[in-house]
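Q: just a sequence and a predicted model for now, questions to come.
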Amino acid sequence: MPGDKSISHRALILGALATGRTTIRGLAPGGDCRSTMACLAALGVRIDAGADPDGGPAWHVEGRGLGGLAAPSSPLDAGNSGTTARLLMGVLAGHGFPATLVGDASLSRRPMRRVAEPLALMGARVETTSGCLPATVEGGRLHGIAYQAPVPSAQVKSAVLLAGLHADGVTAVVEPQPTRDHTERAMAAFGADVSVAAGRMTVRGWRALASADIAVPGDLSSAAFWAAAAAAIPGAAVTIQGVGVNPTRTAFLRVLERMGAGVRVQAVDGSGGEPRGSVTVSHEGLRHVEIQPSEVPGLIDELPALAALATHGGGLAVTGAGELRVKESDRIAALVAGLRALGADVDEYDDGFSVSGARRLLGGVADAAGDHRLAMAFAVAALGAEGDSRIRGAESVSVSYPGFFDTLERLCR
C-alpha cells in the first residue's frame with residue numbers, strides 16, 4: 001500500500017518544526033502530501049529525496065525549530081488538501097509574519113472558520129474569505145487555551161495542538177467523540193510534552209522538538225477499497241501487508257465483520273508509535289448494517305468504500321454523517337448520484353444515505369466529482385455490475401493513490 005496520508009502530513013510538518021534532520025520512510029506519494037511539501041519549502045524548509053540508513057528510499061527534512069519558519073514570498077497553495085491547509089494554519093499561528101493559504105476550487109469551498117476561531121482565541125489574527133480559503137494567518141505570541149471542540153475533527157484538533165507547541169503554558173483540546181490520534185502519537189515521537197486522558201489532549205508550549213526517524217505504515221483508508229472488493233465478491237480474498245492498524249482507524253474492519261466479511265489481523269508491530277500489520281479480508285456473505293452517528297467520526301473516510309460494498313448485497317444505512325457534505329465534494333450527493341448512475345437503489349438524507357443491495361448494478365457512467373475516494377468507490381461497485389462502467393474524473397485518485405487502477409487490474413486478472 002502507499003504510505004498513510006494522514007501520518008505523512010504530520011511527519012513532514014513536525015519534522016520541519018524539529019531541530020535536526022528527520023528521515024521519513026514510506027511517505028505517501030499522492031498529490032496531497034506534495035502540497036504539504038511545497039508549502040513547507042516555501043516557508044524555508046529543505047526537503048530532499050534520499051535513502052534511509054539501510055539504503056531504502058526516504059525523504060529527509062531539515063528542521064528549522066519551533067518558530068523558525070521563514071515568511072513566504074507568495075501565497076501557500078494547499079492544492080486539494082484540507083489537511084495541509086488546516087494543519088498549516090495552526091503552525092502559522094505561532095509565527096510572527098502574515099501568510100496566505102489558497103487552494104483549488106474544491107478546497108476553497110471547504111469550511112475553515114472551525115480552525116480560525118480557536119486560533120484567534122489563542123492570540124492569532126486569522127482572516128478567511130466567508131469562512132473559507134483564501135485565509136491569511138498572522139501569528140504572534142500565543143497563549144494556551146482549553147478548547148471544547150464543537151464537532152469531532154482530527155484536523156481541527158491537530159491545528160490547535162500545533163499552535164499549542166508555540167503557545168505559552170498548556171493548550172488542551174476536549175473532543176465530543178474520539179478522532180484519529182496520529183497528531184498526538186507523532187508529537188510524542190518528536191519529543192513534545194503531550195498527554196492524552198479521557199478525551200482531553202494537552203500539549204505544553206515551547207518544548208523543543210527533536211528530529212526523528214519515521215516509518216510510515218500503509219494507508220488503511222486506501223486499503224479499505226481492496227478490503228471492500230474482497231468482501232463483495234464470492235470466492236475472493238485479499239491480504240494487505242504492512243498496513244496501519246491504529247485503533248482509531250480500524251472501526252472500518254469491525255463494520256466489515258458486521259456486514260458478513262471474514263477479517264483477520266496478524267503480525268501487529270507497535271514499534272515507532274504507529275502499529276502496523278497484515279489484514280486479510282474474505283467474502284463470507286453480506287448482511288444489512290446500520291451505521292449510527294456515534295460511529296461516523298471513526299469511519300468518515302471509509303464510508304464510500306462501505307457504500308460500494310453494500311451495492312453487492314446486504315445493504316447499508318448511514319446517519320449523522322453531514323460532515324461528508326464538506327469534503328473534497330459534497331460526498332453524500334455525489335456518492336448517491338454516482339451509484340444511481342450505475343443502477344443502484346440509493347436514498348439520500350440530509351446527514352447520510354442508504355443503499356439497498358437487493359438488485360445487481362447494470363453499469364453506466366458515474367461522475368467522481370473530482371473526489372479520489374468516490375472514484376475508487378465507484379470502481380469497487382462496478383465490479384458487480386452486469387455491464388461496463390465508466391468513471392468520469394478517475395484521475396482524482398492521484399491525490400492519495402496514484403497506482404490504484406494498475407493494482408485493480410492486477411487483482412482482477
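A: Structure's in. What do you need?

Q: mind listing the strands in the stretch 251-400 of the chain by residue range?
A: Under the criterion DSSP state E, counting those that start in this stretch, strands of the stretch 251-400 of the chain are mapped to 262-269, 276-282, 289-291, 315-318, 345-349, 352-356, 365-367, 390-392.

Q: save those strands as a markdown table, and put in mean neighbour count and mean pLDDT too.
A: Using the backbone N, CA and C atoms, a C-beta is placed for each residue, glycine as well. As requested, those are exported to a markdown table (neighbours: other C-beta atoms under 10 Å; pLDDT from 0 to 100):
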| stretch | mean neighbour count | mean pLDDT |
| --- | --- | --- |
| strand 262-269 | 14 | 92 |
| strand 276-282 | 21 | 97 |
| strand 289-291 | 17 | 98 |
| strand 315-318 | 22 | 98 |
| strand 345-349 | 15 | 98 |
| strand 352-356 | 21 | 98 |
| strand 365-367 | 20 | 98 |
| strand 390-392 | 18 | 98 |
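
Q: JSON lines for these, including distance to residue 168?
A: Converted to JSON lines, the strands of the stretch 251-400 of the chain look like this (distance: least, C-beta to C-beta, whole Å):
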{"stretch": "strand 262-269", "distance to residue 168": "38"}
{"stretch": "strand 276-282", "distance to residue 168": "37"}
{"stretch": "strand 289-291", "distance to residue 168": "42"}
{"stretch": "strand 315-318", "distance to residue 168": "42"}
{"stretch": "strand 345-349", "distance to residue 168": "45"}
{"stretch": "strand 352-356", "distance to residue 168": "42"}
{"stretch": "strand 365-367", "distance to residue 168": "49"}
{"stretch": "strand 390-392", "distance to residue 168": "51"}
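
Q: tell me where the protein has helices.
A: Here the chain has its helices, by DSSP state H, at 5-17, 31-42, 82-92, 113-122, 154-164, 182-189, 220-232, 251-258, 303-310, 331-341, 372-382, 404-412.

Q: for the second one, buried residues please.
A: The neighbour-count criterion (16 or more other C-beta atoms under 10 Å) identifies 31, 32, 33, 34, 35, 36, 37, 38, 39, 40, 42 as the buried residues of helix 31-42.

Q: with the last one instead?
A: With burial defined by 16+ other C-beta under 10 Å, the residues of helix 404-412 counted as buried are 404, 405, 408.

Q: quick check, nearest of those residues to residue 284?
A: Proximity of the buried residues of helix 404-412 to residue 284 (C-beta to C-beta) peaks at residue 408, which lies at 22.0 Å.

Q: still on that earlier bit, now the helices of the chain as TSV including mean pLDDT and distance to residue 204?
A: Shown next, in TSV, are the helices of the chain (pLDDT from 0 to 100; distance: least, C-beta to C-beta, whole Å):
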stretch	mean pLDDT	distance to residue 204
helix 5-17	97	15
helix 31-42	97	24
helix 82-92	98	16
helix 113-122	98	14
helix 154-164	97	8
helix 182-189	97	11
helix 220-232	97	31
helix 251-258	98	30
helix 303-310	98	36
helix 331-341	98	37
helix 372-382	97	36
helix 404-412	96	41
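
Q: put together a markdown table for these, with distance to residue 392 on each row.
A: What follows is these, written out as a markdown table (distance: least, C-beta to C-beta, whole Å):
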| stretch | distance to residue 392 |
| --- | --- |
| helix 5-17 | 23 |
| helix 31-42 | 18 |
| helix 82-92 | 22 |
| helix 113-122 | 31 |
| helix 154-164 | 28 |
| helix 182-189 | 32 |
| helix 220-232 | 18 |
| helix 251-258 | 26 |
| helix 303-310 | 16 |
| helix 331-341 | 9 |
| helix 372-382 | 9 |
| helix 404-412 | 14 |
